[in-house]
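Q: Quick one, fold the following:
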Amino acid sequence: MIKLKAILNGLIYLIPILLFILVFDAHAQSEEEKETFYEQLNRCVVRIEEHQSICVPGLEWAIERNVPVGSAFFINHKYNGISKFYIVTARHVVENRADLFTRVRIDSSSNKYLILVLPRDLWVFNPSQTKENYLPVDVAVMQIQPTNFIKTFLYCENDEDCGKDKDNKQKENQLGESPNVMDRAIFFGFPGGDVAKESFESFARAGVVAYTAFNPDCTIDEKLVPEDSIYYIDAPSFRGNSGGPVLREPLPLRGGVHLWGLVTGADRAGRDYTIATRPEKISETIRHARQISKINDDGWREDSPTLPIECKPDKSGAWDVPKN
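A: All right, here's what the predicted structure looks like:
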């Protein structure tokens with residue numbers, strides 16, 4: 001009886017200590033560990049926007065507006081222990097446009113953000129030579145300065161470059177090989193137009209990989225696409241989704257995140273398929289960009305990427321429309 005009483009008295013003193021340890025440990029968790037997968041994803045997937053200044057007769061100052069043009073995501077490329085950060089999107093989203101920008105949320109609990117300016121001359125495209133009557137591989141990347149608030153997909157040249165997690169387990173290389181027919185995929189992006197254009201939460205769509213082998217090559221907009229660059233997902237995509245990431249559907253007990261490429265466009269010929277560019281083409285483009293070594297040194301800022309523009313009629317009386 002005495003021993004039992006001593007044990008109970010010991011537990012009385014021990015329980016508060018255990019509770020303190022548990023509470024302290026929970027408080028010590030990083031914000032990243034507290035975030036859900038979707039919250040972390042929304043610091044990795046971003047909307048690409050174009051700032052437009054429009055002169056209207058009778059108005060002294062141009063109408064300023066930001067127009068969504070597509071989606072993008074961040075990748076951390078590790079090679080020989082050295083990390084370089086890239087923003088990745090579809091080539092057709094950024095090609096033949098003025099300087100663009102994206103707003104990146106600093107954390108998942110607020111709408112505070114920084115602006116990343118994307119100069120048009122710093123994009124690097126896939127190095128594959130475009131044959132006559134063929135569309136180029138639809139991937140564009142830009143190396144950016146790393147920050148501590150963005151989330152990235154991990155792409156390692158070698159498994160040992162991925163390193164280990166806090167439990168001393170080898171991290172998975174997230175940019176992998178292409179999926180197979182009947183694999184389930186999920187893709188993310190931002191709608192164009194006025195649909196939730198101020199929101200930082202990306203929209204998700206899910207579907208089955210419908211087709212991967214094209215013989216002869218597939219045709220998009222009356223241009224041929226090499227069969228080794230794309231595949232089809234049985235789900236409709238929406239305007240503004242181009243450039244967003246395609247992932248293996250995250251299921252319980254399924255394992256880590258696998259990046260299966262990016263959204264290229266939609267097949268609207270009565271089929272409502274999404275066309276995705278294969279992950280191998282992203283790998284090729286990042287390796288090419290690493291060799292070129294063009295970097296966006298001065299891209300991050302807190303203020304708007306442009307200033308208001310005063311409109312003036314030219315000598316003919318027509319209004320001068322500012323160019324980006």
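Q: what's the weakest-modelled helix or strand in this protein?
A: helix 2-28 (a mean of 41; mean pLDDT, DSSP states H and E).
Q: partners of the top strand by length along the chain, with directions?
A: Longest strand in the chain by number of residues, with DSSP state E as the criterion: strand 63-79. Take DSSP bridges as the rule and strand 63-79 pairs in its sheet with strand 45-54 (antiparallel), strand 82-89 (antiparallel), strand 153-156 (parallel).
Q: For burial, what's the neighbour tally of the nearest residue to Pro279 once chain neighbours are set aside?
A: Once flanking residues are discounted, Pro279 sits nearest to Gly261: 4.6 Å by CB to CB, 6 or more residues apart in numbering. C-beta here means a position set from N, CA and C on the backbone, and glycine is covered the same way. Look at Gly261: counted by other CB atoms under 10 Å, it has 27 neighbours.
Q: Run through the residues that contact Gly261.
A: Counting by CB atoms under 8 Å, 6 or more residues apart in numbering, Gly261 touches 178, 231, 245-246, 276-279, 281-282.
Q: so where is the protein shaky, pLDDT-wise?
A: Scanning the chain with the threshold set as pLDDT under 70 gives 1-33, 192-198, 215-217, 220-222, 251-255, 268-271, 304-307, 313-324.
Q: all helices of it, in order?
A: 2-28, 31-34, 37-41, 91-94, 279-292 (DSSP state H).
Q: Touching the fourth one from outside, list them.
A: This means helix 91-94. With contacts defined as CB under 8 Å, 6+ apart, helix 91-94 is touched by 48, 69-72, 100, 118, 120, 123, 125-126, 136-140, 242-243, 264-265.
Q: Narrow those residues to just the buried residues.
A: 48, 69-72, 100, 118, 123, 125-126, 136-140, 242-243, 264-265 (16 or more other CB atoms under 10 Å).
Q: Isn't Ser229 up against Lys281?
A: Yes - under the criterion of CB atoms under 8 Å, Ser229 makes contact with Lys281 at 5.5 Å.
Q: Those two: which is more packed in?
A: Ser229 (27 against 22).
Q: Contacts only, for that one.
A: With CB under 8 Å, 6+ apart, Ser229 has these contacts: 137-138, 277-278, 281.
Q: circling back: select, out of the strands paired with strand 63-79, the one closest to Arg105.
A: strand 45-54 (8.5 Å; CB to CB).
Q: and the residue lying closest to Gly243 once chain neighbours are set aside, bridged to which residues?
A: Spatial nearest neighbour of Gly243, chain neighbours left out: Thr89 (3.4 Å); criterion: CB to CB, 6+ apart. Note on Thr89: beta-bridge partners Ala140, judged by DSSP bridges.
Q: For Ser71, see how far away Thr89 is.
A: 7 Å (CB to CB, to the nearest Å).
Q: and if you look at Asn126?
A: 18 Å.
Q: pretty sure Tyr211 contacts Ile230?
A: No - judged on CB under 8 Å, Tyr211 makes no contact with Ile230 at a distance of 9.5 Å.
Q: For those two, indicate the residue with more neighbours.
A: Counted by other CB under 10 Å, Tyr211 and Ile230 do not tie: Ile230 has more neighbours, with 25 against 13.
Q: can you pull the contacts of that one?
A: Ile230 neighbours (CB under 8 Å, 6+ apart): 138, 214, 218, 264, 275-278.
Q: now do 10 Å
A: 135, 137-138, 178, 211-212, 214, 217-218, 220, 261, 264-265, 275-278, 281 (CB atoms under 10 Å, 6 or more residues apart in numbering).
Q: what about the strands in the stretch 51-200 of the chain?
A: Along the stretch 51-200 of the chain, counting by DSSP state E, counting those that start in this stretch, strands occupy 63-79, 82-89, 100-105, 113-118, 124-125, 140-144, 153-156, 184-189.
Q: centroid residue for this protein?
A: Nearest to the geometric centre of the chain sits Phe73, at 1.4 Å (CA atoms, centre = their mean).
Q: Okay, buried residues for stretch 78-94 please.
A: Buried-residue list, stretch 78-94, by 16+ other CB under 10 Å: 78, 84-94.
Q: Dump it to PDB, restricted to CA.
A: Below are the C-alpha coordinates for stretch 78-94, written out as PDB (Å, rounded to 0.1, in the frame of the first residue of the first chain):
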ATOM      1  CA  LYS A  78      19.900  20.300 -56.000                       C
ATOM      2  CA  TYR A  79      23.100  19.400 -57.700                       C
ATOM      3  CA  ASN A  80      26.300  18.400 -55.900                       C
ATOM      4  CA  GLY A  81      24.900  19.800 -52.700                       C
ATOM      5  CA  ILE A  82      24.100  23.200 -54.200                       C
ATOM      6  CA  SER A  83      20.500  24.400 -54.400                       C
ATOM      7  CA  LYS A  84      19.100  26.700 -57.000                       C
ATOM      8  CA  PHE A  85      15.500  27.900 -57.100                       C
ATOM      9  CA  TYR A  86      13.400  28.200 -60.200                       C
ATOM     10  CA  ILE A  87       9.900  29.400 -61.100                       C
ATOM     11  CA  VAL A  88       8.400  27.100 -63.700                       C
ATOM     12  CA  THR A  89       5.500  27.700 -66.100                       C
ATOM     13  CA  ALA A  90       4.300  26.900 -69.600                       C
ATOM     14  CA  ARG A  91       6.200  28.600 -72.400                       C
ATOM     15  CA  HIS A  92       3.100  29.900 -74.100                       C
ATOM     16  CA  VAL A  93       2.100  31.800 -70.900                       C
ATOM     17  CA  VAL A  94       5.200  34.000 -70.900                       C
END
